[in-house]
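Can you look at this prediction? I've put the sequence above it.
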Amino acid sequence: MTTTANLLVELFVEELPPKALNKLGESFAQGLADSLRAQGLATEQSAVTPFASPRRLAAHVSAVLSAAPDKAVSQKLMPASVALAADGTPTPALLKKLASLGADASVLPALKRQMDGKAEALFYDSMVPGVTLAQGLQKALDESLAKLPIPKVMTYQLEAGAQPGWTSVQFVRPAHGLVALHGADLVPVSALGLQAGRETHGHRFEAAMDPVMLQHADCYAEQLRDQGAVIASFAQRRGEIARQLQHAAAKQGLTPIDDDALLDEVTALVERPNVLLGRFEEAFLDVPQECLILTMKANQKYFPLLDAAGKLTNKFLIVSNISPADPNAVIGGNERVVRPRLADAKFFFDQDRKKTLASRIDGLAKVVYHNKLGNQAERAERVRAIGHAIVNQLRMATLPYTVDAQDEFAVLDGKVQEAALLAKADLLTGMVGEFPELQGVMGGYYARHEGLRDGVAIAIEDHYKPRYAGDALPRNHTGTVLALADKLETLVGLFGIGQLPTGDKDPFALRRHALGVIRILTEKNLPLDLPALLQGALPAFGELISDPTDALQGFFTDRLAVNLRDQGYSAQEVDAVLALGPTRLGDLPRRLEAVRAFAALPEAASLAAANKRVGNILKKTDGAAPATVDASLLREPAEQTLAQALASVRPQADTLFDQHDYTASLQALAALRAPVDAFFESVMVNAEDAALRANRLGLLAQLHAAMNRVADLSKLAA
């Protein structure tokens with residue numbers, strides 16, 4: 001008799017890699033559930049709960065059958081001409097095929113003849129017994145383990161079996177236990193040389209009993225918590241750590257550093273978290289807080305505490321895996337461990353400040369950037385040249401750039417040149433050598449220590465920004481130009497030598513660099529044309545590279561489309577704006593909002609459809625239709641009305657467009673709906689008279705040009 005119960009599967013292993021734990025747990029659980037559903041042992045309504053702790057991967061699946069239902073299967077046997085002789089008797093080939101399916105000649109009357117393509121074939125309908133849970137779970141377990149996103153496989157020898165130590169197994173970490181319970185019943189499956197039982201283990205030091213004998217699939221989390229001192233759920237453990245961190249910080253009137261990646265990693269390191277407060281000497285706070293925060297997070301997995309102003313304090317939170325009655329020994333041990341780390345940071349900071357950034361520039365010639373693009377000193381010179389070109393483009397821009405006055409561009413150029421020369425010098429400092437993540441940040445600190453002129457230190461610090469999605473943009477004009485120059489140097493140089501990203505591989509983070517350029521140009525509304533920026537960067541490379549601007553244009557368009565859709569714009573809105581190939585990205589937000597507002601108008605659907613029709617008509621003409629209209633050739637009332645409406649609306653729409661009021665410009669076009677509809681209802685565009693036909697095409701060309709200055713409205717047509 002088929003029964004339904006909840007299923008629990010656990011694989012007990014040695015300590016799993018913390019940065020991969022959550023993905024491993026989710027993949028293990030989802031893989032099991034997907035396979036069980038595919039075999040008919042579970043349904044789409046079966047709830048899947050993953051568990052993952054440092055020493056276990058587990059899954060709880062609700063409403064799992066002890067055996068899958070039998071399935072009706074219709075199987076094609078062979079063409080009827082092959083299966084049956086001329087007198088209708090079965091051929092040896094048919095009898096052999098039936099035997100392979102466990103049937104014989106007695107089923108011949110039940111075989112069905114039906115067309116299969118152009119010929120008749122015989123089909124055999126049968127009931128296939130559903131798999132048992134033991135069979136199905138074994139398959140699901142094998143499939144799930146094979147698909148785990150294991151970062152690096154280990155090879156180890158089995159401890160049990162007929163010849164312990166002679167059989168090798170490959171897995172992420174050595175496995176020591178397997179549990180498979182269907183309700184309270186054991187499911188006889190195996191994996192990694194282990195036979196399933198109901199025995200698991202809790203916390204290494206604080207379990208109330210060992211082993212933990214699991215009574216029922218639904219008791220798993222509860223028994224591990226009460227008897228094993230383990231919070232098995234990754235999500236619950238993470239939530240508990242976050243709660244304890246906030247509680248401990250609030251008692252001090254402080255805030256823990258916000259770092260989801262660190263929280264995930266710590267969750268993967270402990271089975272029962274216990275948050276404790278530690279302190280270090282206030283003298284270390286003279287070191288830049290970024291250095292102290294990074295060393296505490298990266299090396300010790302601590303949560304530094306910040307005051308209300310966001311400044312680092314000398315207190316930090318430890319997430320311990322043990323809960324002793326007296327935590328002082330644990331706290332003291334962690335304080336002793338962190339002190340040398342902070343002392344190292346202070347040493348690097350003090351030593352680095354003994355040399356100026358300028359004195360390190362010559363050393364950049366010994367640091368290879370890319371074997372085809374030279375060293376970091378040569379790269380710095382290219383960034384200087386590109387920065388100079390960008391300043392000149394800003395100076396010549398038709399839209400004013402908010403620098404105090406035109407003569408201030410010379411000052412801006414000087415700052416950009418100085419910052420570009422020094423920006424990579426901190427790569428040779430001890431602090432950045434120890435913590436590469438601080439490049440740029442430390443350059444800014446050292447520049448301020450040297451008293452470099454206003455804006456240069458900030459530009460050095462900011463020239464890598466934005467480093468990631470959501471990161472802040474450069475804070476001043478110098479940093480903005482330098483960040484653009486640095487990213488353009490990377491993109492143009494690497495594309496120019498053929499180092500393009502492929503699939504999910506992007507070792508030089510070119511997608512991130514392109515998104516950085518896009519964000520700077522759009523969010524700062526810079527009056528710069530992207531093609532001109534790319535062309536302006538080329539001379540800095542001389543003969544080192546081939547011209548990559550066409551490939552880069554396509555790359556930027558793809559990145560731009562993804563970025564805009566991620567911001568919430570629809571695919572239609574994005575396609576409509578990008579179809580015109582806009583070069584000034586600072587205009588894009590206004591164009592997109594204008595398209596969104598236009599699409600909401602009652603006239604929008606009709607005008608978009610008409611625009612699409614006009615575009616198709618113009619594409620079919622021999623050569624581009626001249627956008628000229630002879631009023632004397634406007635014979636039909638509808639074309640006369642359209643010409644008059646266009647003559648009235650177009651100047652208004654163009655004026656608003658030139659003022660960059662794109663929303664009002666598009667909305668002005670709504671008045672054309674009625675005359676456009678009337679034109680297509682009563683006017684034959686392809687008239688037999690060549691002069692009339694050319695005149696009407698010219699009118700449509702004018703209409704098309706007027707309607708598609710902000711965006712290609714045909715993209716909005718259903």
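Ah, there it is.

centroid residue for this protein?
Centroid-nearest residue in the chain, with Cα atoms, centre = their mean: Ala469, separated by 9.3 Å.

Name all residues that make contact with that residue.
Leu515 (Cβ atoms under 8 Å, 6 or more residues apart in numbering). No exception for glycine: its C-beta is placed from N, CA and C like everyone else's.

what does Asp426 give?
Here Asp426 is in contact with Leu357, Arg360, Val432, Leu438, Gln439, Gly440, Met442, Gly443, Tyr446, Ile460 (Cβ under 8 Å, 6+ apart).

so what pLDDT did it get?
Asp426 carries a pLDDT value of 93.

picking that back up, ok, which pair from the contacts of Asp426 is furthest apart?
Arg360 and Leu438 (15.3 Å; Cβ to Cβ).

Of those two, which one has the most company?
For Arg360 versus Leu438, neighbours defined as other Cβ atoms under 10 Å are more numerous around Leu438 (22 against 19).

how about the residue nearest to that one when sequence neighbours are not counted, secondary structure?
Nearest residue to Leu438 in three dimensions, chain neighbours excluded: Val432, at 5.6 Å (Cβ to Cβ, 6 or more residues apart in numbering). Here Val432 is recorded as helix under DSSP: H, G, I helix; E, B strand; the rest coil.

how about the helices in the stretch 551-700 of the chain?
Using DSSP state H, counting those that start in this stretch, the helices of the stretch 551-700 of the chain run over residues 571-578, 588-599, 604-619, 637-658, 662-668, 673-682, 690-707.

Work out the gap between the third one and the centre of the chain.
Same thing as helix 604-619. 36 Å (Cα atoms, centre = their mean, to the nearest Å).

The longest one now?
Averaging C-alpha coordinates over helix 637-658 and over its chain gives two centres that are 45 Å apart (Cα atoms, centre = their mean).

ok so, going back, how about JSON lines for the helices of the stretch 551-700 of the chain, with mean pLDDT, mean neighbour count and distance to Asp504 added?
Output for the helices of the stretch 551-700 of the chain, formatted as JSON lines (pLDDT from 0 to 100; neighbours: other Cβ atoms under 10 Å; distance: least, Cβ to Cβ, whole Å):
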{"stretch": "helix 571-578", "mean pLDDT": "88", "mean neighbour count": "21", "distance to Asp504": "22"}
{"stretch": "helix 588-599", "mean pLDDT": "88", "mean neighbour count": "20", "distance to Asp504": "27"}
{"stretch": "helix 604-619", "mean pLDDT": "82", "mean neighbour count": "18", "distance to Asp504": "36"}
{"stretch": "helix 637-658", "mean pLDDT": "86", "mean neighbour count": "17", "distance to Asp504": "40"}
{"stretch": "helix 662-668", "mean pLDDT": "88", "mean neighbour count": "21", "distance to Asp504": "36"}
{"stretch": "helix 673-682", "mean pLDDT": "84", "mean neighbour count": "17", "distance to Asp504": "46"}
{"stretch": "helix 690-707", "mean pLDDT": "84", "mean neighbour count": "20", "distance to Asp504": "40"}
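
among those, which is nearest Tyr124?
Of these, nearest to Tyr124 by Cβ to Cβ is helix 571-578, at 47.4 Å.

ok, back up a step: need the contact list for the residue nearest to Leu438.
Asp426, Leu438, Gln439, Met442 are the contacts of Val432 under Cβ under 8 Å, 6+ apart.

any idea how far Thr583 is from Asp486?
Separation of Thr583 from Asp486 (Cβ to Cβ, to the nearest Å): 21 Å.

ok, back up a step: would you say the residue nearest to the centre of the chain is within a strand?
No - using three-state DSSP, the secondary structure at Ala469 is coil, not a strand.

backbone phi and psi for it, please?
Main-chain torsions, Ala469, degrees, to the nearest 10: phi -60, psi 130.

hmm, back to that, ok, Thr583 and Asp486, which is more surrounded?
Comparing Thr583 with Asp486 by other Cβ under 10 Å, the one with more neighbours is Asp486, at 26 against 13.

out of the contacts of Asp426, which are inside helices?
Val432, Met442, Gly443, Tyr446, Ile460 (DSSP state H).

Highest neighbour count among the residues you listed?
Neighbour counts for the ones in helices among the contacts of Asp426 peak at Ile460, which has 32 neighbours (criterion: other Cβ under 10 Å).

excluding its backbone neighbours, what's nearest it?
Nearest to Ile460 is Gly443, by Cβ to Cβ, 6+ apart, at 4.2 Å.

Repeat that for Val153.
Gln170 (4.9 Å).

how deep is that neighbour tucked in, by neighbour count?
10.

Surely Ala72 forms part of a strand?
Yes - the assignment for Ala72 is a strand, going by three-state DSSP.

That one contacts Asp125, doesn't it?
Yes - the criterion here is Cβ atoms under 8 Å, and Ala72 meets it with Asp125 at 6.7 Å.

Between these two, which has more neighbouring residues?
Asp125 (12 against 8).

if I look at the more buried one, how far off is Ala105?
For Asp125, the distance to Ala105 - Cβ to Cβ - is 16 Å.

What segments of the stretch 251-400 of the chain are strands?
255-256, 274-279, 303-306, 312-320, 368-370, 374-375 (DSSP state E, counting those that start in this stretch).

Can you dump the C-alpha atoms of the third one in PDB for me?
I take that to be strand 303-306. This file holds the C-alpha atoms of strand 303-306, laid out as PDB (Å, rounded to 0.1, in the frame of the first residue of the first chain):
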ATOM      1  CA  PHE A 303      32.200  42.600  13.000                       C
ATOM      2  CA  PRO A 304      33.700  46.100  13.700                       C
ATOM      3  CA  LEU A 305      31.500  48.500  15.600                       C
ATOM      4  CA  LEU A 306      30.800  52.000  14.300                       C
END
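
Return the distance of it from the chain's centre.
The answer for strand 303-306 is 28 Å, by Cα atoms, centre = their mean.
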